[in-house]
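Undergrad: Let's see this in three dimensions:
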Amino acid sequence: MAINIAIFASGSGTNAEQLIKHFDQVDGISINAVFCNKPDAYVIERAKKLNVLPFVFNKSEFADTSFVDKLKSLKTDFIVLAGFLWKIPDFLIQEFPNKIINIHPALLPAYGGKGMYGSRVHEAVINNKESNSGITIHLVNENYDEGHILFQASCEISSDDTPDSLAGKIHQLEHQYFPLIVEDYITEYTSKN
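TA: Have a look, this model is predicted:
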């Protein structure tokens with residue numbers, strides 16, 4: 001029985017694209033949909049080009065418990081957040097316990113929490129003159145960026161790094177590790193349950 005992943009994304013979708021391409025090569029796990037909260041986000045185009053169904057939704061639809069029905073109609077087993085900026089409603093976390101995975105562009109618990117995403121994180125890291133940063137792949141719980149950590153990888157920050165150049169280093173780590181860690185976690189989880 002195939003395991004289906006729904007990706008939630010809000011932006012250009014480079015991580016979503018890496019995930020889709022990765023799971024195209026993996027037997028038994030597939031990306032069945034990309035859900036996006038911004039109708040003009042480029043991730044929608046990426047999904048279409050890669051033959052994955054995109055769904056656009058608004059705040060009130062996302063807050064309605066019938067959102068679960070949409071995911072269930074697509075036979076969704078896991079949710080992967082790839083640059084998704086809204087807080088996941090509690091009912092969704094309860095419906096998919098330990099089955100929602102997020103990636104954060106810093107080494108949690110540092111530089112996490114509400115409002116800490118994208119370039120805001122990189123700016124804060126550089127302003128605090130940190131010597132390194134990285135990525136954290138973690139499970140999602142009721143609090144921003146506080147779920148169980150599955151994996152971290154770090155990169156050095158040089159004195160001439162800018163938020164943009166640091167973002168480039170972080171993207172490399174994301175693309176290198178995110179699909180593999182998601183696959184490992186799902187494979188291990190399903191073999192135990």
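Undergrad: Please name the nearest non-neighbouring residue to residue 22.
TA: residue 179 (3.5 Å; Cβ to Cβ, 6 or more residues apart in numbering). The C-beta positions use only the backbone N, C-alpha and C, and glycine is treated the same way.
Undergrad: Please give me every residue in contact with the one you found.
TA: 18-19, 21-23 (Cβ atoms under 8 Å, 6 or more residues apart in numbering).
Undergrad: and residue 115, how many neighbours?
TA: 8 (other Cβ atoms under 10 Å).
Undergrad: could the contacts of residue 179 be laid out in CSV, adding neighbour count?
TA: Formatted as CSV, the contacts of residue 179 follow (neighbours: other Cβ atoms under 10 Å):
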residue, neighbour count
18, 18
19, 26
21, 13
22, 17
23, 24
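Undergrad: now, which of these sits nearest residue 105?
TA: residue 18 (14.4 Å; Cβ to Cβ).
Undergrad: Buried residues of the longest helix seen in the chain, list them for me.
TA: For the chain, the longest helix by residue count, based on DSSP state H, is helix 163-192. Neighbour-count burial for helix 163-192, counted by 16 or more other Cβ atoms under 10 Å, picks out 163, 166-167, 169-170, 173-175, 177-179, 181-183, 185-186.
Undergrad: A helix includes residue 70, no?
TA: Yes: counting by DSSP: H, G, I helix; E, B strand; the rest coil, residue 70 is part of a helix.
Undergrad: ok, back up a step: of the contacts of residue 179, which is the nearest to residue 100?
TA: For these, the residue nearest residue 100 by Cβ to Cβ is residue 19; the value is 14.1 Å.
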